[in-house]
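Visitor: generate coordinates for the sequence data below:
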Amino acid sequence: MSNIDTPKSGFLAASEFNRFGLIFVILTIVGCLGGAAVGLGAIASTFTLTLVIVPTMATLSLLLAVAPMKWIWAAAITSVAIDLLLIAYFLIA
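Guide: Numbers count the residues shown, from 1 in each chain. Reported below is the predicted structural model:
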């Protein structure tokens, strides 16, 4: 490993430092988008409901377990991407 400070490592270091402020933001965004996706139509199908709930609960579990921010960011980005795609689908369909 080199001691070069890359933007990615700087972002993760800043995320670890500001963990408790980011927990609030991630919890709000992931929770609200997951609820909106379920409310707009994901509840009608077991597959879409599972597609929303699994990454959302994984993100919330990682937040509660005080996991590394790298894992939390990966789960949160996955959850938000799935939620936004399903929200767009349910609004168009």
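Visitor: select the helix or strand of this structure having the lowest average pLDDT value.
Guide: helix 7-17 (a mean of 81; mean pLDDT, DSSP states H and E).
Visitor: quick one: list the elements packing against that one.
Guide: Taking 3 or more Cβ pairs under 8 Å, 6 or more residues apart in numbering; DSSP states H and E as contact, the helices and strands that helix 7-17 lies on are helix 69-92. Heads up, the C-betas are built off the backbone N, CA and C, glycines and all.
Visitor: quick one: pLDDT of the residue nearest in space to the middle of the chain?
Guide: By Cα atoms, centre = their mean, the chain has its centre lying nearest to residue 76, at 1.7 Å. Per-residue confidence (pLDDT) for residue 76: 95.
Visitor: likewise the one 4 residues further on?
Guide: We have a pLDDT of 97 for residue 80.
Visitor: do residue 4 as well
Guide: The model's pLDDT for residue 4 equals 58.
Visitor: residue 83 now?
Guide: pLDDT, residue 83: 95.
Visitor: quick one: the nearest residue to it once chain neighbours are set aside from residue 24, how far?
Guide: Among residues not flanking residue 83 along the chain, residue 33 sits closest, at 3.9 Å (Cβ to Cβ, 6 or more residues apart in numbering). Noted for residue 33: a distance of 15 Å to residue 24, by Cβ to Cβ, to the nearest Å.
Visitor: when those two are compared, which one has more neighbours?
Guide: Set side by side, residue 33 and residue 24 show more neighbours around residue 33, with 20 against 10, by other Cβ atoms under 10 Å.
Visitor: now do the strand or helix carrying the more buried one and helix 7-17, the angle between them.
Guide: Per DSSP states H and E, residue 33 falls inside helix 19-40. Relative orientation of helix 19-40 versus helix 7-17 (axes from the mean of the first three to the mean of the last three Cα atoms, to 10 degrees): 90 degrees.
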